[in-house]
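[1] model this:
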Amino acid sequence: MKRVALMLVLAVLAVFALSAGCTGSSPAATPTPTATPATTVPVTTQTVSLEPSGTDVIPANYFVKAEAAKDPIYRGITVTFSGGLGQENVKEFTATVTRSDGKTETKSLTKPSGRSLSRGQSLEFNGTAGDDRVQVWVVMDRPLGTDAQTKFKIWDNVLGAKGTK
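    Numbers count the residues shown, from 1 in each chain. The predicted structure is shown next:
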């Protein structure tokens, strides 16, 4: 009987010894950091042009004009609708300022219902200490000229620190 008890105790100890290896917690393996190659994304930079280009020719009986001025101290740019023979037919007056720091801003005046744009209406922009380009377009309420155009560029000039260049 001593032999059976001894065998039973050894068997129980063997089971405990075998199961002890399975229940213990081993430290988690830390992954080895691998260097990932840096991906370079090409940055597309939009080049802005401060070089004025030509303006469109509006038929004489629909002629309208605009003026732009830059305050030499505060650098504000004022674009003014100056009217003309075609003033009644201007549906939209749009100005775009391209600043020397690369920023572009566009603002518009639209024809009120049943009325026309008034001479002297203006748009205000922030300018820079450098050169700023001002472009002005008008959209007429009917096609004009031989090519039935409705949108005309009427002003394209660069304003320096002290006004038009």
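
[2] all strands for this protein, in order.
    65-70, 76-83, 90-98, 104-110, 122-126, 132-144, 149-160, 163-164 (DSSP state E).

[3] From the rest of the structure, what touches the fifth one?
    By that I understand strand 122-126. Residues outside strand 122-126 that contact it (C-beta atoms under 8 Å, 6 or more residues apart in numbering): 75-81, 93, 95, 97, 99, 105, 107-109. Where you see a C-beta, it was placed from the backbone N, CA and C, and this is true even at glycine.

[4] thinking again about what came up before, mean pLDDT for the strands of the chain - can I get that in JSON lines?
    Converted to JSON lines, the strands of the chain look like this (pLDDT from 0 to 100):
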{"stretch": "strand 65-70", "mean pLDDT": "96"}
{"stretch": "strand 76-83", "mean pLDDT": "96"}
{"stretch": "strand 90-98", "mean pLDDT": "96"}
{"stretch": "strand 104-110", "mean pLDDT": "96"}
{"stretch": "strand 122-126", "mean pLDDT": "97"}
{"stretch": "strand 132-144", "mean pLDDT": "93"}
{"stretch": "strand 149-160", "mean pLDDT": "94"}
{"stretch": "strand 163-164", "mean pLDDT": "60"}
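
[5] Would you tell me which of these gets closest to residue 50?
    strand 132-144 (4.8 Å; C-beta to C-beta).

[6] Neighbouring strands - and their directions - for the closest one?
    strand 90-98 (antiparallel), strand 149-160 (antiparallel) (DSSP bridges).

[7] coming back round to it: want to try a markdown table for the strands of the chain, with distance to residue 58 and mean neighbour count as columns?
    Output for the strands of the chain, formatted as a markdown table (distance: least, C-beta to C-beta, whole Å; neighbours: other C-beta atoms under 10 Å):
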| stretch | distance to residue 58 | mean neighbour count |
| --- | --- | --- |
| strand 65-70 | 9 | 20 |
| strand 76-83 | 13 | 19 |
| strand 90-98 | 10 | 20 |
| strand 104-110 | 17 | 13 |
| strand 122-126 | 20 | 17 |
| strand 132-144 | 7 | 20 |
| strand 149-160 | 5 | 17 |
| strand 163-164 | 21 | 12 |
